[in-house]
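Participant: Test case, fold it:
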Amino acid sequence: MNEIIIDGINLTTLKVKYDALAKEQAEMRGSIRKGSSKFLSDKSDEVTALIRQLADVETVEEGESIATQIIPLLKTISFVSDVSGVAYMIPYYHHQGEYYPGGDSLTHILEDGDNDVLTESNSALLTELYRVAEGMESEVNEWNTSYC
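Facilitator: Down below sits the predicted model:
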């Protein structure tokens, strides 16, 4: 193929470099996928354990303390999932089946749960936790919903 140069950039050489980079990225993603499933599973288990603790808090401060542990875990789960292409699983509300696979979701505990400390709190930190959890639960729900 003839070398094509536009504005001083050799497109032929650029294409070769681009193809090599794409190959390297595919190899890295394949490698990342192998460990990501276990990583996501472990972090989801941590979140689930913290959700159980959150459901039983007696003060807003306890709830905020647990929220400061859950929020970074959720963001890490989302990030690793985005980078690796491996889906994560957290408790969510299944709208079609009208049930909670994996137990009560974070949003249910924070908004409709039995703990008045959480449901009546105006904590900015708990609101942030709700926002992050709601987005992730929505993603999981979409991944697990059949439109047949």
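Participant: So which bits of stretch 80-93 are buried?
Facilitator: 80-81, 84, 86, 88-93 (16 or more other Cβ atoms under 10 Å). In short, each C-beta sits where N, CA and C put it, glycine included.
Participant: ugh, wrong one, stretch 58-66
Facilitator: So for stretch 58-66, counting by 16+ other Cβ under 10 Å, buried means 60, 63-64, 66.
Participant: quick one on the thing from earlier: sort out which one of the buried residues of stretch 80-93 lies nearest Thr145 for me.
Facilitator: Tyr92 (10.2 Å; Cβ to Cβ).
Participant: Contact partners for that closest one?
Facilitator: 100-102, 105, 137-138, 140-141, 144 (Cβ atoms under 8 Å, 6 or more residues apart in numbering).
Participant: Tell me where the model's unsure across this protein.
Facilitator: 1, 146-148 (pLDDT under 70).
Participant: the strands in it, which residues?
Facilitator: 5-6, 9-10 (DSSP state E).
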